[in-house]
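Visitor: got a structure for you, letters missing:
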């Protein structure tokens, strides 16, 4: 059974700092890995999608890496801003399936 | 990105009544949609897979007679919580996957906060 773990559960940083969020998964047979942002009481916004054959994806100040063999992914946020405050979710697509298995998320607070 | 619209965003209902939640893909067709549930401080958990024109497939432990799913068209799936009880209070969210350019990506609705009193 695939399990996804995100560390830390919560993180508070001053504005401008670079930071890394971690995601680990137990079964390396994944279809893809996706990072989402969830604002309080809101839906999910897709940030980055990494296919199983890829090592990383970048979008603006965000960079996500994937190491399937070790079952890890990291989300790097450069020059953090207060508007980045949200819960960040990591989800892996099960091998051969479109279903996603989510971690519990990392709640990020960026202080002005 | 693709747009998935979910309605309502919040609903409060009395115990024993039924509640319907709609999930629409606005600018693409989705033969498959997914329904997730999130309890406080827990991760999103897949409840069921909604297939257009056929019966939904439910994850282990999810009562199919309680959570009725209908996928009547390529752009609409509905989840009906029947005879709701307070323990059904949760955040329900749908997603649809759009395929293209050699990959598929999941897009989520805004979610529905259900409170059963």
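Guide: Sure, I can see it. All values reported here derive from a predicted model rather than from experimental measurement.
Visitor: how about the strands in chain B?
Guide: Per DSSP state E, chain B carries strands over the ranges B:4-7, B:10-13, B:19-25, B:32-38, B:45-51, B:57-58, B:67-73, B:76-81, B:90-100, B:103-108, B:112-116.
Visitor: out of those strands, which is closest to residue A:46?
Guide: Nearest to residue A:46, of all those, is strand B:103-108, at 6.3 Å by C-beta to C-beta. Any C-beta I mention is one placed from the backbone N, CA and C, and that applies to glycine too.
Visitor: how about the closest one and chain A, touching?
Guide: Yes. Judged by C-beta under 8 Å from any C-beta of the partner chain, strand B:103-108 and chain A are in contact via B:103, B:104, B:105, B:106, B:107, B:108.
Visitor: the fifth one reaches residue B:96, doesn't it?
Guide: The reference is to residue B:107. Yes. Assessed by C-beta atoms under 8 Å, residue B:107 is found in contact with residue B:96 at 5.8 Å.
Visitor: these two - which one has more neighbours?
Guide: Comparing residue B:107 with residue B:96 by neighbour count (other C-beta atoms under 10 Å in any protein chain shown), the higher total belongs to residue B:96, at 28 against 22.
Visitor: dump the residues of strand B:103-108 next to chain A to TSV, plus distance to residue B:67 and pLDDT.
Guide: Shown next, in TSV, are those (distance: C-beta to C-beta, whole Å; pLDDT from 0 to 100):
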residue	distance to residue B:67	pLDDT
B:103	30	62
B:104	24	71
B:105	25	75
B:106	20	78
B:107	21	86
B:108	18	91
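Visitor: just the buried members of these?
Guide: B:104, B:105, B:106, B:107, B:108 (16 or more other C-beta atoms under 10 Å in any protein chain shown).
Visitor: just give me the closest of these to chain A.
Guide: Nearest to chain A out of those is residue B:108 (C-beta to the nearest C-beta; 3.9 Å).
Visitor: for the closest one, give the beta-bridge partners.
Guide: Applying DSSP bridges to residue B:108 gives these bridge partners: residue B:95.
Visitor: sorry, back to before: which neighbours do residue B:107 and residue B:96 share?
Guide: B:2, B:4, B:25 (C-beta atoms under 8 Å, 6 or more residues apart in numbering or on different chains).
Visitor: doesn't residue B:31 make contact with the last one?
Guide: No. Using C-beta under 8 Å, residue B:25 and residue B:31 do not qualify as a contacting pair, with a distance of 10.1 Å.
Visitor: quick one: residue B:7 and residue B:20 touch, right?
Guide: No. Here residue B:7 does not reach residue B:20: they are 9.5 Å apart, not a contact under C-beta under 8 Å.
Visitor: got any ranges where the chain has weak pLDDT?
Guide: Reading this off chain A. A:95-98 (pLDDT under 70).
Visitor: try chain B instead
Guide: For chain B (pLDDT under 70), the answer is B:1, B:99-103.
Visitor: mind running it again at 80?
Guide: Counting by pLDDT under 80, chain B has low-confidence residues at B:1-2, B:97-106.
Visitor: that one against chain A: which residues are in contact?
Guide: Proximity of chain B to chain A is confined to B:1, B:4, B:6, B:32, B:34, B:36, B:41-46, B:49, B:93, B:95, B:97, B:103-111, B:113 under the rule C-beta under 8 Å from any C-beta.
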